[in-house]
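# Turn this into a structure:
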Amino acid sequence: RIVVPFDLLRGDPLVLDMDRLVVGDRATAAGGDAEPPTDPRELPALQITVRNLEVWKRRFGSLQANVVRTTDGLRLDRGTLQGASFEVEGRGAWTWQPSGSISRVHVEAKSSDVLDTLNAWGFAPSISGKSGTATADFNWGGGPEGDVLARLNGTAKVAIDSGQLLTVEPGAGRVLGLMS
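Sure, this is the predicted structure:
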């Protein structure tokens, strides 16, 4: 179910209520021309419910999010991802600055099975653990499109209960030994 308000930039949010949403790579414009950067001030507020979310072949479970318009862009007041072994809560913003747009997000994650969570999120099975938590504060230039990981800055803290490294490269093992 999708509900489009009469005026996208004033009043009620665009409502997306979906059983399944699969997001993949964006198609390139004909001739490979780069598109101008998206201005978040020109986007509507969103009320999103997705019961089965997959992004770039990573399974994120269900999504609930409320995104409100601000004078300089969009603000995520609260977003929640929930899967069989994890729950993630986040808040953030995508705002327009004189130099272009910038995004920031604060995330808190809990996992009841670290290996299952990493597998669902498409990561190589390298760490297992009974449970785990993570908090992160990230920012990057631009919006949520394209290769966000390549533009990501910030800090993250991870704690794993009864954790075990499943595969360790020789050089990485020495680095982990220094850190412990």
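# residues making contact with the strand or helix carrying residue 63?
According to DSSP states H and E, residue 63 maps onto strand 58-70. Here strand 58-70 makes contact (Cβ atoms under 8 Å, 6 or more residues apart in numbering) with 9, 13, 21, 41, 43-54, 74-84, 86, 88, 93, 95, 120-122. Any C-beta I mention is one placed from the backbone N, CA and C, and that applies to glycine too.
# Could you do stretch 92-104 as well?
37-41, 70, 72-76, 79, 105-106, 137-144, 148.
# And those, which of them are buried?
Buried residues within the contacts of stretch 92-104, counting neighbours by 16 or more other Cβ atoms under 10 Å: 40-41, 73-76, 79, 105, 138, 140, 142-143.
# May I ask which two of the residues you listed are separated the most?
Farthest pair in the buried ones among the contacts of stretch 92-104 (Cβ to Cβ) is 41 and 138. Separation: 21.5 Å.
# Please list all residues in contact with the nearest residue to residue 165 once chain neighbours are set aside.
Nearest residue to residue 165 in three dimensions, chain neighbours excluded: residue 127, at 6.0 Å (Cβ to Cβ, 6 or more residues apart in numbering). Contact analysis of residue 127 by Cβ under 8 Å, 6+ apart lists 114-115, 118, 160, 163-166.
# Then residue 156?
Residue 156 neighbours (Cβ under 8 Å, 6+ apart): 134-138.
# mind listing what the helix or strand hosting it pairs with, with the direction of each?
Per DSSP H and E: residue 156 is located in strand 153-161. Strand 153-161 has its sheet partners listed here by DSSP bridges as strand 131-141 (antiparallel).
# Name the next helix or strand following the strand it pairs with along the chain.
Next along from strand 131-141, by DSSP H and E: helix 148-151.
# To what extent is residue 42 buried, counted in neighbours?
11 (other Cβ atoms under 10 Å).
# Please name the nearest non-neighbouring residue to it.
For residue 42, the closest residue by Cβ to Cβ, 6+ apart turns out to be residue 9, at 7.4 Å.
# List the contacts of residue 153.
Here residue 153 is in contact with 138-140 (Cβ under 8 Å, 6+ apart).
# doesn't residue 2 make contact with residue 16?
Yes: counting by Cβ atoms under 8 Å, residue 16 does reach residue 2; the two are 5.8 Å apart.
# about what we covered before: could you dump the buried ones among the contacts of stretch 92-104 to TSV with pLDDT and distance to residue 58?
Shown next, in TSV, are the buried ones among the contacts of stretch 92-104 (pLDDT from 0 to 100; distance: Cβ to Cβ, whole Å):
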residue	pLDDT	distance to residue 58
40	92	24
41	91	29
73	94	26
74	95	23
75	96	24
76	96	19
79	96	16
105	96	16
138	96	17
140	93	18
142	88	20
143	87	19
